[in-house]
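J.: predicted model follows, preceded by the sequence.
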Amino acid sequence: MEIIEEKQDTVSVFRLNGRLDSNTSQGFEEKVFGAILDGSKNMVIDFKDIDYISSAGLRVILKATKALHREKGQIMLCSMQDYVKEVFEIAGFDTFLPIVGSMDEALKSF
Amino acid sequence: MAKKYYSFELKNDLSELEQLCQTCEEIGRDINISDKTIFEMNLALDELFTNIISYGFNDQQEHTIKINITIEGDQLQMRIEDDGVPFNPMESKTPDFQCGIEECKIGGLGIHLIRKMMDDVQYKRVSDKNILLLRRKIKKKD
């Protein structure tokens, strides 16, 4: 999986490309928590080019959400394919995670 | 539709997830099912495979996980067999995710996804092997 990290004002943006599974979730976790350690409180994760996620990927998102919550920050997820979104819904994560249609929408929320 | 049968093996190494993905896609194309069904088939096998290699083996040896997939009519059946310690993943509790972020526990998530995506899941222990049988109805692509 490819991870592109960038800053949009004070928001850390992660654009993911590929599969977020047990093989790739650790690398993703390191990047996300690296940003949190560097003081990032607001984060957008772009799922546009993610065509697979397993519970290993969900776990990283949940850990990041908890960490940012404690920092009074916020995480936004955007541009998910239907069946990826469905995994978040089945897991019940959509009840506490904001999932929006586009990057613009995500950035506007901060 | 005639009965179709596929069989493959994975070693107990996470890098095998790539092989699992490719095999699911090949089978999906062969029987002409939707991308969503391929995704769910891949996800269910991924979660069980990852579980097995995380908890199933106490030694440092190489092990083989055998997967059989049968499609008959609109029924998909997947059988996963390993020679790890006796372990029925379906006995694990379903996590409660309606509890707010801080209380939300992360164990059992993969099994929860399998329960929701499959119609039926059965576990049995037969001659030192764990056997899991997953069943679900599939839809063909239009």
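T.: Happy to help now that I have it.

J.: what helix or strand does B:Gln122 sit in?
T.: strand B:120-126 (DSSP states H and E).

J.: actually B:Ile38, not the one I wrote
T.: Going by DSSP H and E, B:Ile38 is in helix B:35-55.

J.: is that helix positioned near chain A?
T.: Yes - contact between helix B:35-55 and chain A, assessed by C-beta under 8 Å from any C-beta of the partner chain, occurs at B:Asp35, B:Lys36, B:Phe39, B:Glu40, B:Asn42, B:Leu43, B:Asp46, B:Glu47, B:Thr50. (C-beta placed from N, C-alpha, C; glycine too.)

J.: can I get those residues in TSV with pLDDT?
T.: Output for the residues of helix B:35-55 next to chain A, formatted as TSV (pLDDT from 0 to 100):
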residue	pLDDT
B:Asp35	92
B:Lys36	92
B:Phe39	96
B:Glu40	95
B:Asn42	97
B:Leu43	97
B:Asp46	97
B:Glu47	96
B:Thr50	95
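
J.: on that earlier part again, quick one: the strand holding B:Gln122 to helix B:35-55, angle?
T.: Interaxial angle, strand B:120-126 versus helix B:35-55 (axes from the mean of the first three to the mean of the last three C-alpha atoms, to 10 degrees): 30 degrees.

J.: so what touches the lowest-mean-pLDDT helix or strand in chain B?
T.: Counting by mean pLDDT, DSSP states H and E, chain B has its least confident helix or strand at helix B:109-117, which shows a mean of 92. Outside helix B:109-117, the residues that touch it by C-beta atoms under 8 Å, 6 or more residues apart in numbering or on different chains are A:54-55, A:58-59, A:87, A:90-91, B:40, B:43-44, B:47-48, B:50-51, B:89-90, B:92, B:94-95, B:121, B:134, B:136.

J.: need the helices for chain A, in chain order.
T.: A:25-37, A:55-70, A:82-91, A:103-108 (DSSP state H).

J.: quick one: buried residues of the last one?
T.: The neighbour-count criterion (16 or more other C-beta atoms under 10 Å in any protein chain shown) identifies A:Met103, A:Ala106, A:Leu107 as the buried residues of helix A:103-108.

J.: looking at that helix now, give me its mean pLDDT.
T.: Mean per-residue pLDDT for helix A:103-108: 97.

J.: one more: stretch A:18-34?
T.: Taken as a whole, stretch A:18-34 carries a mean pLDDT of 97.

J.: span of it from start to end?
T.: Chord length of stretch A:18-34, first to last residue, is 21 Å (C-alpha to C-alpha, to the nearest Å).

J.: equivalent analysis for stretch B:114-121, please.
T.: Stretch B:114-121 stretches 8 Å from its first residue to its last (C-alpha to C-alpha).
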